[in-house]
Every structure is written in C-alpha cells, then in structure tokens.
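[1] build me a model from this:
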Amino acid sequence: MGDGPEAWDPRDRRGRRYPLLALVRAAACAVVAGARSYAAMGQWLRRAPQHTLERLGFPPRGVLGVRPAASTDTVRRMVEKLNPAGLATLLRPTGVPGSRPRRLAADGKSTRGSRTRDQQAAHLLAIIDQDDRILAQLRVPDKTNEIPCLRDLLATLDIIGAVVTADALHTQTETARFLVEQKKAHFVLTVKANQPTLYAACRALPWQQATAKYYDRSRGHGRAETRVVQALTVSHFTFPHVRQVARITRHRTDRATGKRTRETVYVITDLPSSRAKPADLAEAVRGHWGIENKIHYVRDTLWDEDRSRVRTGHGPEDMATLRNAALNHLRADGATNIAAAVRDVSYEPFNKPLDLLGIPR
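    Numbering: from 1, shown residues only. So this is what the prediction gives:
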C-alpha cells in the first residue's frame, strides 16, 4: 500500500475516528472477498474479527482495547470523497520494483447503473499492460470524450518503447505525435470508416503487391474465424510517423447457421517491418480486442458493475478502482480463473484478502 495517506485524506481533521488507510484497506479487502456494494462492504466490516481489524489498522478504544469497525456510512463517505488518484496510490503495492510495460491497451467503459435523470453514466478510460494489469484509469468528464483523456492518462506513465493499442476513436494525429515525440513510445491504431479520408488512403494502397502475410484461425462463441493479415511498408503517408499499414480481413462462419461474413479493417503503426511482422501486428490487435473479456466482462459478471447504483461523488470511479486493484492482485497471485479465485478467497474472507493485498500481520 502507498505511503502518506494523510496527503489524500478528504475529511476534516476534526472528528476523524478511523485512519484513512484502514478504511481503504477494509474496502479493498471486502471487494476481493466479493463485495459489490457499500452495504456489502459494511457487512464485511461488521463481521470482521478483532485480529483482522488490528491488521487493517483500526485503533483500539476504551480500557478494554476493543477495536470498533467503521460503519457502512463511514465507508461510503470515504469512497465518495476520496480522490481516485489518491485511492490508486494507496492501493499500489510497496516494495515491488515497477517494470516498464512492453505493451499497453486503452479502452473505455460506461458504468450504466450510474446514470441518472440529470447525469450521464460515468465513463471510465483504463490502461492495461501485457499481463492484463490495470495501470491507470480516469473518469472522462461529461461533455467531452476519451480522445484528450488518453493523453492525460498516458502522461503519468513511463512507457518508453512500449507499443500502445487503441480503437479507431483514438486514431488521431495529435495522439500519434504525443506517443512518438513526447513519450518515445509506439502506436498500433485501427482505421475504420469513421475517418473516410484516412480509410480511403489505406484502401488505395497496392495490396496486390503485399508479400508479407499471416493467417490466424480461431474458434469460439459459436463461430469459426479466419484472419488474413497483410502488411505494406509506406513512406510519406497521410498520417504522421506511419511506417507500415496492415489490412486485416476477417472471415467468419456461424457454426449453427453456416452464414458467412467478411470484414476488413486497417491498422497503422510507426513500427518498421523489421520490428513488427504481420504476425506481431495480429497479436497486438487481438490482444487489444481481449480487453472486453479480461477486464470489463469480469467486472460486470463478478461485481455486477453495470447494475451498480453507485452514483455520487467519486463513487463510480473509486468502486471501479477497487475492482481493478482486486483483479491486479488476483492475477499477480497467479489466478487465471478470476471467478474461482474470488470464490476461494471468500471461504476465508478475513485472512486471505489481507494476505493477497500484502497487509502485514
């Protein structure tokens, strides 16, 4: 966990009964054990034995030295008020040297349950690395979009040499220049018909001359899919820093009906052919498409995120940050089936979450 929690504490100094770090640890442990709401966090705390409260950092009270647990309302107020950056800092493991990521993927998700009559649903943009760890996340302000927020999010990370993938929304000249010129990173960006000029430029390339090809086949979700990846080296392209353009043609067959469909997308990158073969580009794109299953789907199915009614203050993004921390710690512990891992933790809810988060005994 992070140092200096006082610097992030949003509460008035008067009337603080519980240390901020103890409350953050309790909320994180409850989520790892399967808690989906403020009420579930409060219930976990009410059931926590004295030795658990001591490890969490709750102070003793009275002559008997009993450690009282915080109420549900106290936890709720903390989550609603605490700055998301502060929460992420307090949840970050200490004593573990950070390694520079090799590959990053950016993707956004709306928490649909946070929508009200007068307020849009909270939209969260997250960055994950090649090991499916969520490195950073922010809430996209209302009346704007992900495009400038991606640069804000990446500005805080050391990504020299990393390959950044993003969907077609982020295929912007400013983003490409920011990655290559300021962050010394690389990009693999998708081009779709939402940018007709760039799409036409990709489509007009002499694909009949492409000799670099890669075939990728997979089965799943009731369909068989074959992807043909072709790559061309380009110079003086209409988009800054582009050195290769790839064409990915996806042939899909519905195994139940036999219906066949074909889709073509283009990918642009600043990586030369010596560093990114068609197979490498296919892997980067496939890895990006996996965000939905590895992060969003898991948060929805395990913690029922889409139906969460958390709406006030920083609640939506802080709850998502707690779930991200749970995923990171579970995966760092070797979990491949997250649902099974959370069930396993829930059988010892007042010991295993604390061990998993590295809270000292």
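
[2] distance of the residue of the chain most remote from its centre relative to residue 52?
    Outermost residue of the chain with respect to the C-alpha centroid, by CA atoms, centre = their mean, is residue 63; its distance is 45.9 Å. Distance of residue 63 to residue 52, given as CB to CB, to the nearest Å: 22 Å. Yep, even glycine has a C-beta here, placed from its N, CA and C like the rest.

[3] again with residue 294
    With the distance defined as CB to CB, residue 294 ends up 30 Å from residue 52.

[4] looking at the two, which one has more neighbours?
    Higher neighbour count among residue 294 and residue 52: residue 52, with 22 against 16, using other CB atoms under 10 Å.

[5] can you tell me the helix or strand for the more buried one?
    Assessed by DSSP states H and E, residue 52 sits inside helix 50-56.

[6] any idea how many residues pack against the closest residue to residue 241 other than its chain neighbours?
    Excluding the flanking residues, the one nearest residue 241 by CB to CB, 6 or more residues apart in numbering is residue 270, at 4.2 Å. Neighbourhood size, residue 270 [other CB under 10 Å]: 21.

[7] and after the lowest-mean-pLDDT helix or strand in the chain, which helix or strand comes next?
    Every helix and strand in the chain was compared by mean pLDDT, DSSP states H and E; the lowest is helix 291, with a mean of 78. Moving toward the C-terminus from helix 291, the first helix or strand encountered (DSSP H and E) is helix 297-303.

[8] mean confidence for that following helix?
    Averaging pLDDT along helix 297-303 gives 90.

[9] run through who's touching that helix.
    31, 34, 36, 305-306, 320, 323-324, 327, 338-339, 342 (CB atoms under 8 Å, 6 or more residues apart in numbering).

[10] can we see that at 10 Å?
    Helix 297-303 has contacts (CB atoms under 10 Å, 6 or more residues apart in numbering) with 31, 34-37, 40, 109, 111-112, 124, 126, 132, 134, 290-292, 305-308, 319-320, 322-324, 326-327, 330, 338-339, 341-343.

[11] quick one: mean pLDDT for the helix or strand where residue 40 lies?
    Here residue 40, judged by DSSP H and E, is contained in helix 38-47. Regarding helix 38-47, the rounded mean pLDDT is 97.

[12] list the buried residues for that helix?
    Neighbour counts over helix 38-47 (16 or more other CB atoms under 10 Å) mark 38, 40-42, 44-45 as buried.

[13] elements contacting it?
    Helices and strands touching helix 38-47, by 3 or more CB pairs under 10 Å, 6 or more residues apart in numbering; DSSP states H and E, are helix 20-32, helix 50-56, helix 72-81, helix 315-332.

[14] which of the ones you listed is buried the deepest?
    helix 20-32 (a mean of 26; mean count of other CB atoms under 10 Å).

[15] what segments of this protein are strands?
    103-111, 122-129, 134-140, 163-166, 186-191, 212-220, 223-233, 244-254, 260-269 (DSSP state E).

[16] if we can go back for a sec, off-centre distance for the helix holding residue 52?
    Centroid displacement of helix 50-56 relative to its chain, using CA atoms, centre = their mean, to the nearest Å, is 30 Å.

[17] going forward, count from 17.
    Will do, 17 is the new start, and the previous item becomes helix 66-72.

[18] for it, packing partners?
    Using 3+ CB pairs under 10 Å, 6+ apart: helix 66-72 touches helix 36-48, helix 54-63, helix 368-372.
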